[in-house]
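Novice: Here's a sequence, model it:
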Amino acid sequence: MTDRTPQDVLRDWLPHALMLSLLALSGWLLARVFAPISDPVLLAAALAALTYPILFEPLNHLARRRLTFLDDAWRRSVVAAIATLAFILILVSPLVLMLLTTLDRPGDAFTVLYGLARRDPERIQQVAVMGEERVQAMLALYPKIPLQPGEVRAFLERQLTRSDVGRTFLDFLLHGTGGFIAQLVLALTSLFYFYDFGPRVVRSLLAYTPLTPHQRVLLRRRFQSATYRVMTDTLGTALIKGLCMGAIAWIIADSNFFIVAAVTTFISLLPVIGFTFVWLPLASLLWAQQQRVDAICLAIAAVAASWLVDHLGERLTHSLDHRRTVWLSFLLFLSLIGGLIAFGAKGFVVGPMAVVFVVVLGSFWLPLYGIGDVQETATVQASEQPRA
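Specialist: Next up is the predicted model:
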C-alpha cells in the first residue's frame, strides 16, 4: 500500500467539498428568496397543522368512501381544495355575523359582501364605519380594552381598499409581502399545498429520526389528539362560551350579540377567571341601571352556561384520553398574547401551534432519553396500539 500524499487527499476530497459548498450556497440562496414570504408561509403551515385533524382528515375519510373512482393523489388534491374553501368560509364568518347582527335587514349582508368583493368605496366605507361603531360600543361595556375606534376604522379602510386581487398582487411584487390582505392570499394559497403534500413531508422527515415505525404512528396520533384538545377543550370551549354569552346578553340586556360574543371568546381563553371578566361588568351595569332582576338573571344564566360548557368539555377531554390542566390552558393564553405581539394577527394561529409542538415533542421524545415520566409514556403507548 503506497503512502498517500496531501495532494492525493485534497484531490479526493475537493470534488465533495465543491459539491457540498454548492449545495450550501443554493440553500442559502433559497433561504434569501423565501425570507420575505416567511410570515405567510409560516401562517399557512401553522393553519394546516392546526386544522388538519379536524377539517382535512374528516373530509378525506369521507372522500375515501364516496370518491372511490379517484386515485389517492387526485382524491387528496380534491379534498385539499374543498378543505381550503371551507376554511375560507370559516374565516369570513365573523364578518358575516357582524353584518347580520348590525344591519337593519339581514339580507343586506350579502349585498355588502358583494360590494366588498368589487371594492366598492361606498361599501368599504360602510363596513369601516360599522367597525368603528362596534369598537365604540365595546369600549362602552369594557373600557379597558386596548382598542381605538379611529385606528380600527383606518385599518379597515386601508386593508379593504387593497382587497382587489390585481392591486394586492402588485403590492406583493412592489413591497415584498405587501399588506395584510396580500399575506392572507399567499397563506391561503400555501394552505392548499400543505394540506395536499404536508403529510408526505412529515413522513419523510420522521423516517430520518431514530423512532421505530410503531413510534412514528404513535407520535402522529399524539399530535392529532393534542390538536383536538386545543381546538375543542380550549379554543372550542372559548368559542361556545362566547356564543352563549352573546345570546344571553342579547336576550336579557339587549346588548349587541357580536360584540359580547367576540369579547367573551377571547377573554375566556384566560383559564378559571376569564369568563367572569365578561358577565360581571354586564350584570353590574344592569344593576346600576336599577334593572336588578335582569342583572340577577344574567349572572345566573352566565354562570350556568359556563358550568355546562366546562362540564361537557371535561367529558369530551376524558373521551380523548387527555387530562384537562389549568397550566396548559394558561400557557395557550400566554401563547396568544405573545403571538399577537410577535406576529400580529398571525399570532392567533402561530402561538397555539408553538405550544402544541413543544408539548407533544417534549412529552414524547424526552422520555426516550430518560428525561421525564417514562412510565407514563409507556402506559400511553400501550393504550395507543395501532388499530387494525
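Novice: May I have the residues that are in contact with the residue nearest the centre of the chain?
Specialist: With distances taken as CA atoms, centre = their mean, V349 lies nearest the centre of the chain, 3.4 Å away. Neighbouring residues of V349 by CB atoms under 8 Å, 6 or more residues apart in numbering: L43, A46, L47, L50, G339. The C-beta positions use only the backbone N, C-alpha and C, and glycine is treated the same way.
Novice: what's the helix or strand for the first one?
Specialist: Right, L43. Here L43 sits within helix 38-51, counting by DSSP states H and E.
Novice: If you count neighbours, what's buried in that helix?
Specialist: 39-51 (16 or more other CB atoms under 10 Å).
Novice: okay if I get the residues you listed as a markdown table plus pLDDT and distance to R229?
Specialist: Shown next, in a markdown table, are the buried residues of helix 38-51 (pLDDT from 0 to 100; distance: CB to CB, whole Å):
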| residue | pLDDT | distance to R229 |
| --- | --- | --- |
| D39 | 79 | 27 |
| P40 | 82 | 27 |
| V41 | 84 | 26 |
| L42 | 84 | 22 |
| L43 | 83 | 22 |
| A44 | 87 | 22 |
| A45 | 87 | 20 |
| A46 | 86 | 16 |
| L47 | 86 | 18 |
| A48 | 87 | 18 |
| A49 | 85 | 14 |
| L50 | 84 | 12 |
| T51 | 86 | 14 |
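Novice: Go through these and name the one nearest R221.
Specialist: The nearest member of the buried residues of helix 38-51 to R221, counting by CB to CB, is A49 at 14.5 Å.
Novice: Quick check, that closest one in contact with V355.
Specialist: No: taking contacts as CB atoms under 8 Å, A49 lies outside contact range of V355: 11.9 Å.
Novice: So V293 versus G246, what's the distance?
Specialist: 21 Å (CB to CB, to the nearest Å).
Novice: So for the two, which residue has more residues nearby?
Specialist: Each of V293 and G246 has its neighbours counted (other CB atoms under 10 Å); G246 has more, 24 against 11.
Novice: which residues touch that one?
Specialist: Each residue near G246 by CB under 8 Å, 6+ apart is listed here: F257, F258, I259, V260, A261, T264.
Novice: what's the nearest residue to it if we skip its chain neighbours?
Specialist: Spatial nearest neighbour of G246, excluding adjacent residues (CB to CB, 6 or more residues apart in numbering): A261 at 3.1 Å.
Novice: what's the offset of the helix or strand harbouring the one you found from the middle of its chain?
Specialist: Per DSSP H and E: A261 is located in helix 257-267. From the chain centre to the centre of helix 257-267 is a distance of 17 Å (CA atoms, centre = their mean, to the nearest Å).
Novice: List the contacts of that helix.
Specialist: Contacts for helix 257-267 (CB under 8 Å, 6+ apart): 94, 97-98, 101-102, 134, 137-138, 141-142, 145, 238-239, 241-243, 245-247, 249-250, 274-275, 277-278, 282.
Novice: sorry, back to before: which positions in the next helix or strand after the helix holding L43 come out as buried?
Specialist: Following helix 38-51 in sequence order, the next helix or strand is helix 57-66 (DSSP H and E). Using 16+ other CB under 10 Å as the test for burial, helix 57-66 gives E57, L59, N60, A63.
Novice: other SSEs contacting the helix or strand following helix 57-66?
Specialist: The helix or strand immediately downstream of helix 57-66 is helix 72-100, counting by DSSP H and E. Helices and strands touching helix 72-100, by 3 or more CB pairs under 8 Å, 6 or more residues apart in numbering; DSSP states H and E, are helix 38-51, helix 57-66, helix 108-117, helix 121-141, helix 180-206, helix 257-267.
Novice: before we move on, the earlier item: any chance of the buried residues of helix 57-66 in a markdown table with pLDDT as columns?
Specialist: Below are the buried residues of helix 57-66 laid out as a markdown table (pLDDT from 0 to 100):
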| residue | pLDDT |
| --- | --- |
| E57 | 87 |
| L59 | 89 |
| N60 | 88 |
| A63 | 88 |
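Novice: any chance of these in JSON lines, plus distance to W307?
Specialist: Output for these, formatted as JSON lines (distance: CB to CB, whole Å):
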{"residue": "E57", "distance to W307": "31"}
{"residue": "L59", "distance to W307": "34"}
{"residue": "N60", "distance to W307": "36"}
{"residue": "A63", "distance to W307": "39"}
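Novice: Return the member of those residues nearest to F223.
Specialist: Ranked by distance to F223 (CB to CB), the buried residues of helix 57-66 are led by E57 at 11.8 Å.
Novice: what's the closest one in contact with, if anything?
Specialist: E57 touches Q224, counting by CB under 8 Å, 6+ apart.
Novice: give me that answer again for 7 Å
Specialist: Taking CB atoms under 7 Å, 6 or more residues apart in numbering as the contact definition, E57 lies against nothing.
Novice: What separation is there between it and I240?
Specialist: From E57 to I240 the distance is 22 Å (CB to CB).
Novice: I252 too?
Specialist: Distance, I252 to I240, using CB to CB: 18 Å.
Novice: where does the protein have low pLDDT?
Specialist: Across the chain, the ranges flagged by pLDDT under 70 are 1-3, 106, 144, 159, 162-182, 233, 271-273, 316-329, 371-388.
Novice: Following the record's annotation, map out the domains of it.
Specialist: 37-119+163-208, 209-388 (automatic domain parsing).
Novice: Sort out which residues of stretch 352-369 are buried, please.
Specialist: Of the residues in stretch 352-369, those buried (16+ other CB under 10 Å) are P352, M353, A354, V355, V356, V359, V360, S363, F364, W365, P367.
Novice: The fifth one touches S225, doesn't it?
Specialist: No: counting by CB atoms under 7 Å, no contact exists between V356 and S225, whose distance comes to 10.4 Å.
Novice: so what secondary structure elements neighbour the helix or strand harbouring R153?
Specialist: Element membership of R153, judged by DSSP H and E, is helix 149-161. Under the contact criterion of 3 or more CB pairs under 7 Å, 6 or more residues apart in numbering; DSSP states H and E, helix 149-161 touches helix 121-141.
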